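# just a sequence and a predicted model for now, questions to come.
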Amino acid sequence: MTTTHIERMKIEHKELVNKIAGLNAFIHENSMFNELCVLEQKRMLLQAKHMRNYAIVLEQRVWIALGK
């Protein structure tokens, strides 16, 4: 079975949302985050922000591709 580009975007979005959840859990729930240097903490927070923005754009692309 071949997957369409829409199905691939949906899969990518779902995987990305799971990765975002994992990163956010580490940032907000794991005491190891506070042991990192401030620059690494900032990089991880920036990474989470970019991942969220990417997920938003990907979700919009899915909706547009579905004609909604």
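Thanks, I have the structure now.
# what packs against the biggest helix by length in the chain?
Counting by DSSP state H, the longest helix found in the chain is helix 38-65. Secondary-structure packing of helix 38-65 (3 or more CB pairs under 8 Å, 6 or more residues apart in numbering; DSSP states H and E): helix 5-29, helix 32-35. C-betas here are computed from N, CA, C, even on glycine.
# low-confidence stretches in this protein?
Counting by pLDDT under 70, the ranges of the chain that qualify are 1-2.
# 90 instead?
Residues of the chain meeting the criterion pLDDT under 90: 1-3, 66-68.
# got the contact list for the spatially closest residue to residue 26 that is not a sequence neighbour?
Once flanking residues are discounted, residue 26 sits nearest to residue 33: 5.9 Å by CB to CB, 6 or more residues apart in numbering. By CB atoms under 8 Å, 6 or more residues apart in numbering, residue 33 lies in contact with 26-27, 41, 44.
# what subset of the residues you listed is buried?
Using 16 or more other CB atoms under 10 Å as the burial test, those include 27, 44 as buried.
# residues near residue 22, how many?
For residue 22, the count of nearby residues is 10 (other CB atoms under 10 Å).
# and the end-to-end length of stretch 24-35?
Terminal residues of stretch 24-35 are spaced 16 Å apart (CA to CA, to the nearest Å).
# quick revisit: how far away is the residue nearest to residue 26 from residue 20?
Counting by CB to CB, to the nearest Å, the gap from residue 33 to residue 20 is 15 Å.
# what does residue 66 give?
Residue 66 is 22 Å from residue 20, by CB to CB.
# neighbour count for these two, which is higher?
Each of residue 66 and residue 20 has its neighbours counted (other CB under 10 Å); residue 20 has more, 16 against 10.
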